[in-house]
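Structure here, sequence nowhere to be found:
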């Protein structure tokens, strides 16, 4: 079977034509003929063996890719979350994690959207329980997931969306997607605390979606801290740690602030929440994309070129997609 695999631990993936075939083993599984798979930070972390979900497992050659789009045996085009690797001729998909694609949707976009939606919609709607009229701060919004988060926050009725990032050009472009205010992270922590405090005083922040952690997250939490009087309740949801996995957190912030600290990622989502994502939230987003109300950029290459493009730098906000045909 043709596939893109990690042949040896620590090495970049390669295209091969003779990997072992896969077979369905239960009535809850279906074999999908793969058409397109997006390459995400998660896939790179798993391929390197550093992701927490695989770091302690014995190594054996494996197919990369956690999800993708393809054709089911009955001819239906669908998105699926793989039970094993996805970037191969055929992949096994859980029937409960299949979403039929609406007509007219771009396959590269359909392959890219779900991961970005998991990192944005689940964090906002499921974990933070965003309500119409609330104010949302997205920390580290210039990447693909952050861009989707901006658009979906507006779709779900956020009255104001504040975004942060280091790429000035990408930050500016977020206003076209619905961002109301931008805060550059090219400032020292003290200046950032002042900026976040001013925003919070003008329009109290209800939800923080954090993709960075580190110094910027610390500045936000410090800015939310009260000064002896009751503070507006804020739900702070961490989704990623692009600025580092560790951060000092003063206990006085928790004592002096009405704040909820939450995480959103593999291990924090219940089965019921995942059913809601696949049955309700993801189909809704696919329809938005077809209607031109949800945008993101992709860069596509044939899967045979995986070795050449695996480490290729992409401009902020674009996602690499491998096309199998």
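Yep, it's here. Predicted model, so just to flag it, every value in this text is computed and none were measured.

What is the end-to-end distance of stretch 95-113?
End-to-end span of stretch 95-113 (Cα to Cα, to the nearest Å): 19 Å.

do the same with stretch 4-15
Stretch 4-15: ends 4 Å apart by Cα to Cα.

Can you give the distance of it from its chain's centre?
23 Å (Cα atoms, centre = their mean, to the nearest Å).

in the stretch 151-300 of the chain, which spans are helices?
168-173, 189-202, 214-224, 251-255, 271-276, 282-290 (DSSP state H, counting those that start in this stretch).

Might you list the low-confidence residue ranges for this protein?
228 (pLDDT under 70).

one step back: and the helices of the stretch 151-300 of the chain, which is most packed in?
helix 214-224 (a mean of 22; mean count of other Cβ atoms under 10 Å). Every C-beta, even on glycine, is put in place using the N, C-alpha and C of the backbone.

How about residues contacting it?
Applying Cβ atoms under 8 Å, 6 or more residues apart in numbering, the external contacts of helix 214-224 come out as 137, 139-140, 164, 185, 189, 192-197, 200, 205, 208, 210, 231, 234, 236, 238, 241-244, 247-250, 253, 257, 259.

out of these, which are buried?
137, 139-140, 164, 185, 192-193, 195-197, 200, 205, 208, 210, 231, 234, 236, 238, 241-243, 247, 253, 257, 259 (16 or more other Cβ atoms under 10 Å).

if we can go back for a sec, output the helices of the stretch 151-300 of the chain in a markdown table; the columns should cover distance to residue 44.
Compiled in a markdown table, the helices of the stretch 151-300 of the chain are given as follows (distance: least, Cβ to Cβ, whole Å):
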| stretch | distance to residue 44 |
| --- | --- |
| helix 168-173 | 20 |
| helix 189-202 | 29 |
| helix 214-224 | 20 |
| helix 251-255 | 33 |
| helix 271-276 | 23 |
| helix 282-290 | 23 |
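
List the contacts of the closest residue to residue 7 other than its chain neighbours.
Excluding its sequence neighbours, the residue lying closest to residue 7 (Cβ to Cβ, 6 or more residues apart in numbering) is residue 61, at 5.2 Å. By Cβ under 8 Å, 6+ apart, residue 61 lies in contact with 5-8, 19.

coming back round to it: just the ones of the contacts of helix 214-224 in strands?
137, 139, 164, 208, 210, 234, 236, 238, 259 (DSSP state E).

Surely the first one is in contact with residue 211?
No - counting by Cβ atoms under 8 Å, residue 137 sits too far from residue 211 to count as a contact (11.4 Å).

returning to that earlier point: now for the ones in strands among the contacts of helix 214-224, which pair is the farthest apart?
Spatially, the most separated pair among the ones in strands among the contacts of helix 214-224 is 164 and 259, at 18.0 Å (Cβ to Cβ).

Let me know the helix or strand that residue 79 is in.
strand 77-82 (DSSP states H and E).

Parallel or antiparallel, list what pairs with that strand.
strand 67-71 (antiparallel), strand 90-100 (antiparallel) (DSSP bridges).

Pick the most buried one from the ones you listed.
By mean count of other Cβ under 10 Å, the strands paired with strand 77-82 have strand 67-71 as the most buried, with a mean of 24.

Residues contacting it, please?
32-38, 77-82, 86-87, 91, 101, 107, 110-111, 114-115.

Any buried residues in the helix or strand hosting residue 42, and which?
Using DSSP H and E, residue 42 maps to helix 41-48. For helix 41-48, a neighbour-count test (16+ other Cβ under 10 Å) marks 41-44, 46-47 as buried.

Next SSE downstream of it?
strand 62-63.

Packing partners of that following strand?
strand 3-6 (3 or more Cβ pairs under 8 Å, 6 or more residues apart in numbering; DSSP states H and E).

and residue 196, what is it in contact with?
Counted by Cβ under 8 Å, 6+ apart, residue 196 has contacts 137, 183, 219-220, 222-224.

Residue 270: which of those residues is nearest?
The closest of the contacts of residue 196 to residue 270 turns out to be residue 137 (Cβ to Cβ; 25.6 Å).

Using the three-state scheme, assign residue 126.
Classification of residue 126 by DSSP: H, G, I helix; E, B strand; the rest coil places it in helix.

Tell me, how many residues neighbour the residue lying closest to residue 107 once chain neighbours are set aside?
Spatial nearest neighbour of residue 107, excluding adjacent residues (Cβ to Cβ, 6+ apart): residue 36 at 4.6 Å. For residue 36, the neighbour count with other Cβ atoms under 10 Å is 25.

in what helix or strand does residue 36 lie?
Per DSSP H and E: residue 36 is located in strand 29-39.

Counting neighbours, which bits of that strand end up buried?
For strand 29-39, by 16+ other Cβ under 10 Å, it's 29-30, 32, 34-39.

Let me have the residues you listed in CSV, adding distance to residue 153 as columns.
Listed next are the buried residues of strand 29-39 as CSV, based on distance: Cβ to Cβ, whole Å:
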residue, distance to residue 153
29, 35
30, 34
32, 31
34, 32
35, 30
36, 27
37, 27
38, 22
39, 25
